[in-house]
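Peer 1: Okay, predicted coordinates and the sequence, questions at the end:
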Amino acid sequence: MISKNIQLDEQGRLKHFLSIEGFKRQHLISILDAAEPFANVHEQAVKKVPLLRGKTIVNLFFEASTRTRTTFELAAKRLSADVLNININTSATSKGESLLDMLHNLEAMHCDMFIVRHNQSGAAHLIAQHVSPHISVINAGDGCHSHPSQAMLDMFTIRRHKKEFANLIVIIVGDILHSRVARSQIHALNTLGVSEVRVVAPKTLIPTQIETLGVHVYHDMQSALIGADVIIMLRLQKERMQGALLPSEDEYYHQYGLTEQKLAYAKPDAIVMHPGPINRGVEIASSIADGPQSVILEQVTNGIAIRMAVMSQTLGRSLNIKPPKQITAIAEESH
Amino acid sequence: MISKNIQLDEQGRLKHFLSIEGFKRQHLISILDAAEPFANVHEQAVKKVPLLRGKTIVNLFFEASTRTRTTFELAAKRLSADVLNININTSATSKGESLLDMLHNLEAMHCDMFIVRHNQSGAAHLIAQHVSPHISVINAGDGCHSHPSQAMLDMFTIRRHKKEFANLIVIIVGDILHSRVARSQIHALNTLGVSEVRVVAPKTLIPTQIETLGVHVYHDMQSALIGADVIIMLRLQKERMQGALLPSEDEYYHQYGLTEQKLAYAKPDAIVMHPGPINRGVEIASSIADGPQSVILEQVTNGIAIRMAVMSQTLGRSLNIKPPKQITAIAEESH
Amino acid sequence: MISKNIQLDEQGRLKHFLSIEGFKRQHLISILDAAEPFANVHEQAVKKVPLLRGKTIVNLFFEASTRTRTTFELAAKRLSADVLNININTSATSKGESLLDMLHNLEAMHCDMFIVRHNQSGAAHLIAQHVSPHISVINAGDGCHSHPSQAMLDMFTIRRHKKEFANLIVIIVGDILHSRVARSQIHALNTLGVSEVRVVAPKTLIPTQIETLGVHVYHDMQSALIGADVIIMLRLQKERMQGALLPSEDEYYHQYGLTEQKLAYAKPDAIVMHPGPINRGVEIASSIADGPQSVILEQVTNGIAIRMAVMSQTLGRSLNIKPPKQITAIAEESH
């Protein structure tokens, strides 16, 4: 559904960031590499770099998400961009203005980037197809489809701990059916060449034909955990559940919640991940969420770095910026 | 009602911007000239100029308008000012604090400018009469009375296309009765010396004695269009309509909607304007809104430049800034 | 309840600002001294100083307060920090995330300071006990317990007018029972060594054992006013009142409202203070609120300076900043 071309410009550089599909290994590696220097920006006396000074970044959130909006807003501000938060409910679309007219108005105001969050799959992609050439669009989550910046911060976190993707066994546990995060993770993990991706959930939470994405399906968590290097627990999307897909929270925790007992089946140096917010005692025991194998808060930290990387790669094209080398120099100058 | 003096300081410089009434031709031309360099700021690598760094600009919106607030917020940020958005519903006025006490508190915090949007005519003017001498007030729309920055961005757009105001025939079509935009446009067009202003609407949407403002009234659109250089379509203010002032949307579109067929009566190089947001198929056909004679999105772009000009003229007084010449120099320095 | 240690780091420097209790006279004087240069920042051409550039300050408001949020936001922006406003109602806590998880997420995003407003006493203190060592927490009002920055701006205002705290008679009039402001003021005034603090209210609005804080209780306002140097009127917290603690607004005004007639009992050079927002004609006559002895708007102005001082003292520790001397130099450099 997403063609390769729309996310890249004619020189093959990142233009939009809508979905992991359509990217080759080298593209994903390039984003991970670009994030490395940003991951250390906070250690400097001044955390801000002036890469995107004068750029205007618009948070277009059709679905409320303080958490995701906050990470994009912080990433933009640390790149010295100006940020506009637009609450779609109170905007002119309620006066009957069409979405495209609203977008064209924001373009006419010389905004440079739209961060789009929408409860319908394909929304960010649709917007990217209709914006002017100088605008970049970043998908901050669309329906059950994709959440590519979340997937990339997960890849960044895995690489920092495991160095190489080859030979890794990664298991993803939980509501695969409704998870845009899982879908993006599976694409990213396979593109980066892990050894095996396993998905684990009750039958009612596994989409049909998921095997075609290159995963092994498990319904029993203990079997799936054997040999795992990386354990990704998904949030139990209570608000997305409709009807009786699950027996009960207690029963779910009993079978799929990550406990000390279950974790013992994985490799001793396995890392435990979760996109947050956590339901303690539902999908994960508190002792594990806060324990030595958990990298959950590192994921949050890395989320800022990945978003800074994607923003500076897409908007930096016109500036002819090569972020990885220049960041240090510019950051020093801004002290 | 608005005296000339309150908008100008003792040296005759722009202090508040409340209404087109009270300004002479030279004042309006000075604002248009000041906007010219800002209209090109976006072409620079860094769109921001540091003219108003350290100044605090408060958006005091008593009436929700994401669109208008956004343009003022962007203009302020591109001048490097700090922006405070105050939602009057959630503010202390709901605790029983009077409006004047709230204003005096904001002044005591050393805010420099109030951008006021209110559903009552005269609100911005009232506020300007009561603020301290160092504060500037800009009217961002008050009831049915005035929306001067919208009128000035329209004048700027007309001048960019037509060079001179003399000899122009301008027609304004739609809900003249409830339109603060129309009222400000009529004053601006006549002050700038156009040849003729025509207003076109059903009798129920024309205020009585509108001729005293210096316009010709038409009820038939085709007659009004003959010879027109500039066509300004107004938004059909559905939310302002009370009772049965209009037969139906279809009937309105049939008689007053701008279609290809009707547009043919105007001069071949006539430009088509609309303050937005557009009701496609109600006051304007999509083919015209998106067609070659439409300058609707240019109006949006010019809106930022006009607001930057008004902000820097009013607040720049104390800085002894002469924006037109200095902008380039400072912008270069800020690269 | 609040130990001395949590607000100070190991070198005895200000780390959190939660409550006046636990501070010695020298600490309070140090904050007042630090605020002095900031009180004059607005007189410079550029009101901004780059002390906290790159720092991220989060307004965590569990209780709406535009007024208080605005003063902290302005203080942060004038120190060049980035500000994040988080509305707790719309945040992930409504998705079942615990408060501590949300805080740890914000920490992981490398936020540097939490400004906490909460309707439960002890909330800011609880948060300070659980944050990472590099985070500073400022209490912007917790239940009926404490509002230390308000108390310090009052002390700053008193010192500017009276030079010395010794020998002053200060009276605090109104709803002592529900006032976090009064509680903090009493601690600050006694720590700074005033001669006498008098609280004045009907019996139903005086907490039991208030004398243990070092105040004299009056129920008759005229007796209390005799010899007063400073008169602090409290806001009648209508929204906090439950049941029939008060006879009527009129009766309250008659007995405890500050009128010209009552003010005549105080010293001729007594100053009149109020934390705002004012209920004119309920706790204070308009002629006095706007009269020559009122310093109410100065309190608002000084509130920005005090908050800049507290922010730069707490966050400046890691930067080894000594604000009072450096401000001028840095401000000049930033022209």
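Peer 2: Cool, got the structure.

Peer 1: tell me the contacts of residue A:143?
Peer 2: The contact partners of residue A:143, taken as CB atoms under 8 Å, 6 or more residues apart in numbering or on different chains, are A:118-123, A:180. For glycine as for every other residue, the C-beta is placed from the backbone atoms N, C-alpha and C.

Peer 1: Take the residues you listed and keep only those in helices.
Peer 2: When helices are assigned by DSSP state H, the members of the contacts of residue A:143 inside them are A:123, A:180.

Peer 1: For chain C, state which of the contacts of residue A:143 is nearest.
Peer 2: Nearest to chain C out of the contacts of residue A:143 is residue A:119 (CB to the nearest CB; 14.6 Å).

Peer 1: Setting aside sequence neighbours, what's the nearest residue to the closest one?
Peer 2: The shortest distance from residue A:119 to any non-neighbouring residue, by CB to CB, 6 or more residues apart in numbering or on different chains, is to residue A:63 (4.7 Å).

Peer 1: try residue A:72
Peer 2: For residue A:72, ignoring the flanking residues on the chain, the nearest one in space by CB to CB, 6+ apart is residue A:115 at 4.9 Å.

Peer 1: Just the mean pLDDT for the helix or strand hosting the one you found, thanks.
Peer 2: In this structure, residue A:115 sits in strand A:113-118 according to DSSP states H and E. Per-residue pLDDT values over strand A:113-118 give a mean of 95.

Peer 1: what do you get for stretch A:80-96?
Peer 2: 72.

Peer 1: do stretch A:18-37 as well
Peer 2: Computed over stretch A:18-37, the mean pLDDT rounds to 95.

Peer 1: Centre of the chain to it, how far?
Peer 2: Taking CA atoms, centre = their mean, to the nearest Å, one finds the center of stretch A:18-37 at 12 Å from the center of the full chain.

Peer 1: ok, now stretch A:166-177?
Peer 2: 15 Å.

Peer 1: Wait, residue A:294 touches residue A:288, no?
Peer 2: Yes - proximity of residue A:294 to residue A:288 meets the contact threshold set by CB atoms under 8 Å, at 6.2 Å.

Peer 1: Common neighbours of these two, please.
Peer 2: For the pair residue A:294 and residue A:288, residues contacting each of them under the criterion CB under 8 Å, 6+ apart are residue A:272.

Peer 1: what does chain A have sitting close to chain C?
Peer 2: By CB under 8 Å from any CB of the partner chain, the part of chain A that sits against chain C consists of A:42, A:44-48, A:64, A:66-67, A:70-71, A:73-74, A:77-78, A:238-239, A:276-280, A:297-298, A:300-301, A:303-304.

Peer 1: which ones are touching residue A:174?
Peer 2: When the contact criterion is CB under 8 Å, 6+ apart, the partners of residue A:174 are A:182, A:200-201, A:205, A:233-236, A:256, A:283.

Peer 1: quick one: which of these sit in strands?
Peer 2: Among these, the residues falling in strands (DSSP state E) are A:200, A:233.

Peer 1: quick one: which of the contacts of residue A:174 is nearest to chain B?
Peer 2: Proximity of these to chain B (CB to the nearest CB) peaks at residue A:235, which lies at 30.6 Å.

Peer 1: What sits closest to that closest one if chain neighbours are left out?
Peer 2: residue A:275 (6.2 Å).

Peer 1: so what's the one you found scoring on pLDDT?
Peer 2: Reported pLDDT for residue A:275: 94.

Peer 1: Kindly report the same for residue A:231.
Peer 2: Note on residue A:231: pLDDT of 98.

Peer 1: ok, now which ones touch it?
Peer 2: Residue A:231 makes contact with A:170-171, A:173, A:225, A:258, A:263, A:266, A:270-273 under the criterion CB under 8 Å, 6+ apart.

Peer 1: which residues does it form a beta bridge with?
Peer 2: For residue A:231, the beta-bridge partners are residue A:171, residue A:272 (DSSP bridges).

Peer 1: State the distance from it to residue A:191.
Peer 2: For residue A:231, the distance to residue A:191 equals 20 Å [CB to CB, to the nearest Å].

Peer 1: one step back: got the phi/psi numbers for the residue nearest to residue A:235?
Peer 2: For residue A:275, the backbone dihedrals are phi -70, psi -10 (criterion: degrees, to the nearest 10).

Peer 1: what comes up buried for whichever helix or strand residue A:251 is part of?
Peer 2: Residue A:251 is part of helix A:249-256 when elements are defined by DSSP H and E. Neighbour-count burial for helix A:249-256, with 16 or more other CB atoms under 10 Å in any protein chain shown as criterion, is recorded at A:252-253, A:255-256.

Peer 1: just stretch A:11-25 next, same as before
Peer 2: Applying a neighbour-count criterion of 16+ other CB under 10 Å, one finds A:14-23 buried in stretch A:11-25.

Peer 1: Let me have these in TSV, extended by distance to residue B:313.
Peer 2: Putting the buried residues of stretch A:11-25 into TSV (distance: CB to CB, whole Å) gives the following:
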residue	distance to residue B:313
A:14	41
A:15	38
A:16	39
A:17	40
A:18	42
A:19	47
A:20	49
A:21	51
A:22	49
A:23	49
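
Peer 1: for those, which one is nearest residue A:31?
Peer 2: Checking the buried residues of stretch A:11-25 against residue A:31 by CB to CB gives residue A:14 as the nearest, at 7.2 Å.

Peer 1: Wait, residue A:293 touches residue A:271, no?
Peer 2: Yes - the pair residue A:293 and residue A:271 qualifies as a contact (CB under 8 Å) at a distance of 5.8 Å.

Peer 1: quick one, which of those two is more surrounded?
Peer 2: For the pair residue A:293 and residue A:271, the greater number of neighbours falls to residue A:271 (24 against 17), based on other CB atoms under 10 Å in any protein chain shown.

Peer 1: per-residue confidence at the more buried one?
Peer 2: pLDDT recorded at residue A:271 is 98.

Peer 1: which residues touch it?
Peer 2: Residue A:271 makes contact with A:157-158, A:161-162, A:229-231, A:293-295 under the criterion CB under 8 Å, 6+ apart.

Peer 1: neighbour-wise, which of the residues you listed leads?
Peer 2: residue A:231 (30 neighbours).

Peer 1: Show me what the residue nearest to residue A:72 is bridged to.
Peer 2: Beta-bridge pairing of residue A:115 under DSSP bridges involves residue A:59, residue A:138.

Peer 1: tell me which of the contacts of residue A:174 is nearest to residue A:135?
Peer 2: Minimum distance to residue A:135 across the contacts of residue A:174 is 28.9 Å, recorded for residue A:182 (CB to CB).

Peer 1: Excluding chain neighbours, what is closest to that closest one?
Peer 2: Counting by CB to CB, 6+ apart, residue A:176 is the residue found nearest to residue A:182 once chain neighbours are left out, at 4.9 Å.

Peer 1: tell me which residues of stretch A:25-42 are tucked away?
Peer 2: Neighbour-count burial for stretch A:25-42, counted by 16+ other CB under 10 Å, picks out A:27-32, A:34-39, A:41-42.

Peer 1: and that stretch, how far from the chain's centre?
Peer 2: Relative to its parent chain, stretch A:25-42 has a centroid offset of 14 Å by CA atoms, centre = their mean.

Peer 1: Dump the C-alpha coordinates for that stretch into CSV.
Peer 2: What follows is stretch A:25-42 as a C-alpha-only set of coordinates in CSV (Å, rounded to 0.1, in the frame of the first residue of the first chain):
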residue,chain,number,x,y,z
ARG,A,25,18.1,-2.0,5.6
GLN,A,26,20.5,0.8,4.6
HIS,A,27,17.8,3.4,5.2
LEU,A,28,17.0,2.1,8.7
ILE,A,29,20.6,1.9,9.6
SER,A,30,21.1,5.5,8.4
ILE,A,31,18.3,6.7,10.7
LEU,A,32,19.8,4.7,13.7
ASP,A,33,23.3,6.2,12.9
ALA,A,34,21.9,9.7,12.7
ALA,A,35,20.3,9.3,16.2
GLU,A,36,23.6,8.3,17.9
PRO,A,37,24.9,11.8,18.4
PHE,A,38,21.5,13.1,19.6
ALA,A,39,21.4,10.4,22.2
ASN,A,40,24.3,12.2,23.9
VAL,A,41,23.1,15.8,23.5
HIS,A,42,21.6,15.8,27.0
